[in-house]
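Peer 1: Give me the fold of what follows.
(one chain, ligands or ions: 1)
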Amino acid sequence: MSGLRVTGWGTALPDRVVTNAELAETLDTSDEWIVERTGISERRVGGTTSELAIAAGRAALAKAGLEGSDIDVLLLATTTGDRIVPATAPTVQDALGITGGAVDLNAACSGFVYGLVMANGLLATGARRILLIGAETLSKITDWSDRSNAILFGDGAGALVIEATDGEGDLLGWDLGSDGSVTHILKCEHQGTIEMDGKEVFRRAVRVMVDSSRASLAKAGLDVGDIDLIVPHQANLRIIHSACQKLGIEPERASIVIDRYGNTSSASIPLALVDAIDSGRVTSGDTLLLTGFGAGMTWASAVLRWSR
Ligand code: COA
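Peer 2: Down below sits the predicted model:
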């Protein structure tokens, strides 16, 4: 039996910073409103999804001390691929010198945690090393004239190298879900921009994060008291705080990057995870709860032991 172990991590962000004050130059909004209602102060904008994914993937490989040719499968979680066909993963595979398989997966903002669970399954059936990347350029599908949308989104990428380890591994429990009956509350049609019923998304987001977190903890045989750090999808700071409160997790135990990066969909959980690792908030033996939700509606949670 093989399980997973994280051995490398990395991120990539565009250089261009767009502050709330800059948005307020063209939109009827203010820094105060955005910070108070979302927790966002600025976001990054620019590049292509493949460029960001390649940079984050390269950083994660270097951290793991591996080459692209060591990777059996590249999983790229994204909703904003460079084009419709082919997928973006082959572009990243080629640039990184990966000789294994490469595929995009789209579960909106839940995509990275879906990918983590899929990686675990691939390792259980014989793969040895997987590169999992979440990368987005949401700025391409944002209506920059709509104040209720433009304030929320940003671009970025985060990546993990995941290797097989004997035994059960570090993924202790997981929960994946989907409810396609509410597609209409958050979507982007071909050539369109993001359309959203913000209040309805907010309401459901808190509920599914809480339920999914509890389900993954139950599968791990743990409870919230065992969690050292929660790494939630970064959509709105109030959603995170509300979910933490309902779960009984102090907000100080949450990794937060939304203030700097906004909502980066598939990239948000790896950006928040790597930020916590690099700032020394994660130590060997810690138990992490990754939880997200997104368009679909989808949701995904994973309890991950950190054994680096
Ligand atoms: N600046 C100033 N005022 C704004 C504004 C902005 N950027 N955006 C909306 N408003 C206004 C509204 O027009 C409304 O005015 P009205 O009362 O005169 O009609 C008022 O603020 C309240 O709007 P409301 O939509 O109730 O605000 P909210 O507190 O629900 O915040 C969101 C709006 C979008 C920030 C919030 O609903 C949200 O984050 N939802 C979840 C979205 C999400 O996570 N999407 C991605 C999921 S992966």
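
Peer 1: tell me the secondary structure for Gly46?
Peer 2: The three-state assignment at Gly46 reads coil, by DSSP: H, G, I helix; E, B strand; the rest coil.

Peer 1: neighbours of it, just the number please.
Peer 2: For Gly46, the neighbour count with other C-beta atoms under 10 Å is 16. The C-beta positions use only the backbone N, C-alpha and C, and glycine is treated the same way.

Peer 1: Please name the residues that touch it.
Peer 2: With contacts defined as C-beta atoms under 8 Å, 6 or more residues apart in numbering, Gly46 is in contact with 14-16, 137, 139, 155.

Peer 1: Tell me the confidence at the residue lying closest to Asp31 once chain neighbours are set aside?
Peer 2: The shortest distance from Asp31 to any non-neighbouring residue, by C-beta to C-beta, 6 or more residues apart in numbering, is to Asn20 (4.0 Å). The per-residue pLDDT reported for Asn20 equals 98.

Peer 1: Buried ones only from the contacts of Gly46, please, as a PyMOL command.
Peer 2: Selection of the buried residues among the contacts of Gly46 in PyMOL, burial being defined by 16 or more other C-beta atoms under 10 Å:
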select buried, resi 14+137+139+155
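
Peer 1: What segments of the stretch 151-300 of the chain are helices?
Peer 2: Along the stretch 151-300 of the chain, counting by DSSP state H, counting those that start in this stretch, helices occupy 198-220, 237-247, 258-261, 268-278.

Peer 1: any residue of the first one up close to the ligand?
Peer 2: Put plainly, it is helix 198-220. Yes. Helix 198-220 is in contact with the ligand by C-beta under 6 Å from any ligand atom, via 198-199, 201-202, 205.

Peer 1: One more: the third one?
Peer 2: No. In this structure, helix 258-261 remains apart from the ligand according to C-beta under 6 Å from any ligand atom; the gap is never smaller than 10.1 Å.

Peer 1: what's that helix packed up against?
Peer 2: Counting contacts by 3 or more C-beta pairs under 8 Å, 6 or more residues apart in numbering; DSSP states H and E, helix 258-261 is packed against strand 42-44, helix 237-247, helix 268-278.

Peer 1: residues touching the residue lying closest to Gly154 once chain neighbours are set aside, list them.
Peer 2: Distance criterion C-beta to C-beta, 6+ apart; nearest residue to Gly154, sequence neighbours excluded, is Arg43 at 3.0 Å. By C-beta under 8 Å, 6+ apart, the contact set of Arg43 is 17-18, 153-155, 260-262, 264.

Peer 1: repeat that for 10 Å
Peer 2: 13-14, 16-20, 23, 138-139, 142, 150-156, 258-264 (C-beta atoms under 10 Å, 6 or more residues apart in numbering).

Peer 1: And the residues you listed, which of them are buried?
Peer 2: For the contacts of Arg43, buried by 16+ other C-beta under 10 Å: 13-14, 17-18, 20, 23, 138-139, 142, 150-156, 258, 260-264.

Peer 1: any idea how far Val85 lies from the ligand?
Peer 2: Using C-beta to the nearest ligand atom, to the nearest Å, Val85 is found at 25 Å from the ligand.

Peer 1: any idea which element that residue lies in?
Peer 2: Using DSSP states H and E, Val85 is not contained in any helix or strand.

Peer 1: Please tell me the pLDDT value assigned to it.
Peer 2: For Val85, the predicted pLDDT is 97.

Peer 1: cool, Met1 as well?
Peer 2: Note on Met1: pLDDT of 82.

Peer 1: again with Ile256
Peer 2: With respect to pLDDT, Ile256 scores 98.

Peer 1: how many other residues sit next to it?
Peer 2: Ile256: 18 neighbours (other C-beta under 10 Å).

Peer 1: Can you verify my assumption that it contacts Ile240?
Peer 2: Yes. With contact defined as C-beta atoms under 10 Å, Ile256 counts as touching Ile240 (7.0 Å).

Peer 1: any shared contact partners between these two?
Peer 2: By C-beta under 10 Å, 6+ apart, Ile256 and Ile240 have these common neighbours: 39, 232, 234, 272.

Peer 1: tally of neighbours for the third one?
Peer 2: Here the neighbour count serves as a burial measure; for Gln234 (other C-beta under 10 Å) it reads 31.

Peer 1: Could you pull up phi and psi at it?
Peer 2: phi -100, psi 90 (degrees, to the nearest 10).

Peer 1: who touches Met297 in this structure?
Peer 2: 108-110, 177-183, 185-186, 200-201, 204-205, 208.

Peer 1: Geometric centre of this protein: which residue is closest?
Peer 2: Nearest to the mean C-alpha position of the chain, by C-alpha atoms, centre = their mean, lies Ile269 at 3.2 Å.
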